[in-house]
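>>> sequence and computational prediction follow.
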Amino acid sequence: MTKAFLEITLKIAPENRAQAGGVYTKYRQPFLSNTPGAESKDLLVRAEDVQVLHGFDSKANAENYLGSTLFQKDVVAALKPYLLADPEIRIYECA
């Protein structure tokens with residue numbers, strides 16, 4: 001059962017959303033297969049932004065992912081050319 005969610009909100013211009021979606025697709029399975037406690041990863045597209053919602057088995061594992069090589073060196077680097085602003089990052093615990 002998912003115990004925590006990591007929500008990352010990204011400001012990406014509409015013309016760059018397909019490329020950013022490609023980053024999501026490329027790293028979705030490595031995230032699910034190799035990240036401790038990872039349970040789900042979903043892409044939410046709204047008119048004003050794009051959100052990536054990650055499900056974890058614990059808040060600690062969600063926090064640890066933010067410092068991981070996969071996140072820092074791969075995902076962040078791949079998304080950087082498409083970002084209009086710094087991402088908003090929030091972690092929610094489920095009761």
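On my side now, so go ahead.

>>> could you find the closest non-adjacent residue to the one residue sitting closest to the centre of the chain?
Centroid-nearest residue in the chain, with CA atoms, centre = their mean: residue 52, separated by 4.4 Å. In this structure, residue 52 finds its nearest non-sequential neighbour in residue 8, 4.8 Å apart by CB to CB, 6 or more residues apart in numbering. (C-beta placed from N, C-alpha, C; glycine too.)

>>> buried sites along stretch 56-71?
By neighbour count with 16 or more other CB atoms under 10 Å, stretch 56-71 contains the buried residues 56, 59, 61, 62, 65, 71.

>>> typo on my end, it should be stretch 75-86
Buried-residue list, stretch 75-86, by 16+ other CB under 10 Å: 75, 78, 79, 82.

>>> same check on stretch 86-95?
Within stretch 86-95, the residues that qualify as buried are 87, 91, counting by 16+ other CB under 10 Å.

>>> measure that stretch end to end?
29 Å (CA to CA, to the nearest Å).

>>> also stretch 30-39?
Start-to-end, stretch 30-39 (CA to CA) is 12 Å.

>>> which residues touch it?
Applying CB atoms under 8 Å, 6 or more residues apart in numbering, the external contacts of stretch 30-39 come out as 2, 40-41, 54-58, 60-62, 64-65, 68, 70, 74.

>>> which of those residues scores worst on pLDDT?
In terms of pLDDT, the least confident member of the contacts of stretch 30-39 is residue 2, at 76.

>>> quick one, phi/psi of the residue nearest to residue 55 when sequence neighbours are not counted?
Using CB to CB, 6+ apart and skipping residues adjacent in sequence, the residue nearest residue 55 is residue 40, 3.6 Å away. The phi/psi pair for residue 40 (degrees, to the nearest 10) reads phi -160, psi 160.
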